[in-house]
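Q: how would this look folded up:
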Amino acid sequence: MLKISGPLTRAFFICIVLLITGCSTNRSKPEWNFEVNKSAKGDYGDHFESIGQSFLKTPGTRVINLTWSSKNYLKDIYDRIVKNNELLLANAPRPTFNIIKSDTPFYFSLPKGHFFFSSGLITKYLRNEQLLVAMMSAEIFRSVNSIYEKNVVVPVGYMTLEHILSILKISLKLKSEVNKNSYILLRRAGYDPSAYLVWLQTQNKNMLDFALQHGTSRRMSKEEYLFKNYIASKKDRFEGIEEKNSSRSFYRFLNNIKGRR
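A: Model (predicted):
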């Protein structure tokens, strides 16, 4: 029988460790179910980013000044999701959050970490922390990975809400994949991923208010149906709720928005 000792033994074990590490790394790859639209990155991403500035300059658009505490609270949620999903959210930029004073519930993101939420959305439909985080997860995923359909927008110095929401819409197939990956982001960050289904159902039940955001109720119903099927197919689906109660920081944030409406 051949005996291996000394340097050969050490080399043998190093090879084994490298082999195991390599296998482990492969299992940790992002759970992509689609290919990100490369055309939404680079110069085109800069083009999309500029849309946000045009929107903010549009007459009638009023931005609520967030307190230092509220800004840190939103950033902490962002950082927690990003740090626990480094493969899905590689090279995540520093975020900026714009809360727009409007009774109309709406939300959207742009490349390079720019987020826009309405005060009406927050005070009426995001009354607990898990719903806020669920909503943010999908927009974080889209923004960091530049998941936007290719659109050419002629700069005119302003951008209405209706226009910006229309050009930021993506296909049902692509949105369904964003929803699936949002579930993964929430689960890995220790949030309740089932809250994402509640978030979709909340919008579906209030389609009159969310008509500007989604268009038709048929699409929203289909989106909810596809997500339910995805959850049902997950063998390791999340059964419990890690954080049932909203934090004090959430209520301070909510009061910040209510106090400046």
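Q: what secondary structure does F108 sit in?
A: Following DSSP: H, G, I helix; E, B strand; the rest coil, the label given to F108 is strand.
Q: so what's the residue count around it?
A: By other CB atoms under 10 Å, 22 other residues sit near F108. All C-beta atoms are positioned from the backbone trio N, CA, C, and that covers glycine.
Q: from what I can see it touches L168, true?
A: Yes: between F108 and L168 there is a contact under CB atoms under 8 Å: 5.3 Å.
Q: what bits of the stretch 151-261 of the chain have low per-residue confidence?
A: In the predicted model, the stretch 151-261 of the chain carries pLDDT under 70 at residues 151-156, 235-244, 260-261.
Q: could you pull out the helices for it?
A: Ranges of helices in the stretch 151-261 of the chain, per DSSP state H, counting those that start in this stretch, are 161-168, 172-188, 195-205, 211-214, 217-233, 248-259.
Q: buried residues, the third one. List them.
A: Translated: helix 195-205. 195-197, 199-200, 202-204 (16 or more other CB atoms under 10 Å).
Q: show me what it is packed against.
A: If contacts are counted by 3 or more CB pairs under 8 Å, 6 or more residues apart in numbering; DSSP states H and E, helix 195-205 sits against helix 129-145, helix 172-188, helix 217-233.
Q: just checking, what packs against the first one?
A: So the one you mean is helix 129-145. helix 68-83, strand 107-110, strand 114-118, helix 119-125, helix 172-188, helix 195-205.
Q: ok, now with 10 Å
A: Here helix 129-145 touches helix 43-56, helix 68-83, strand 107-110, strand 114-118, helix 119-125, helix 172-188, helix 195-205, helix 248-259, going by 3 or more CB pairs under 10 Å, 6 or more residues apart in numbering; DSSP states H and E.
Q: quick one: closest of these to A211.
A: helix 195-205 (10.3 Å; CB to CB).
Q: how far does that closest one sit from its chain's centre?
A: Distance of helix 195-205 from the chain centroid (CA atoms, centre = their mean, to the nearest Å) equals 15 Å.
Q: that helix to helix 217-233, inter-axis angle?
A: Interaxial angle, helix 195-205 versus helix 217-233 (axes from the mean of the first three to the mean of the last three CA atoms, to 10 degrees): 160 degrees.
Q: quick check: angle from helix 195-205 to helix 172-188?
A: 140 degrees.
Q: list residues touching both of F108 and L168?
A: Here F108 and L168 have 51, 142, 213 as joint contacts, going by CB atoms under 10 Å, 6 or more residues apart in numbering.
Q: out of the helices of the stretch 151-261 of the chain, the one nearest A90 is which?
A: Among the helices of the stretch 151-261 of the chain, helix 172-188 sits nearest to A90 (CB to CB), with 13.0 Å.
Q: what comes up buried for that closest one?
A: 174-188.
Q: what do you get for stretch 204-215?
A: 204, 207, 209-210, 213-214.
Q: and which of those is nearest S146?
A: Nearest to S146 among the buried residues of stretch 204-215, with distances taken as CB to CB, is Q213, at 20.3 Å.
Q: quick one: contacts for that closest one?
A: With contacts defined as CB under 10 Å, 6+ apart, Q213 is in contact with 104-108, 118, 121, 161, 165, 168-169, 203, 207, 220.
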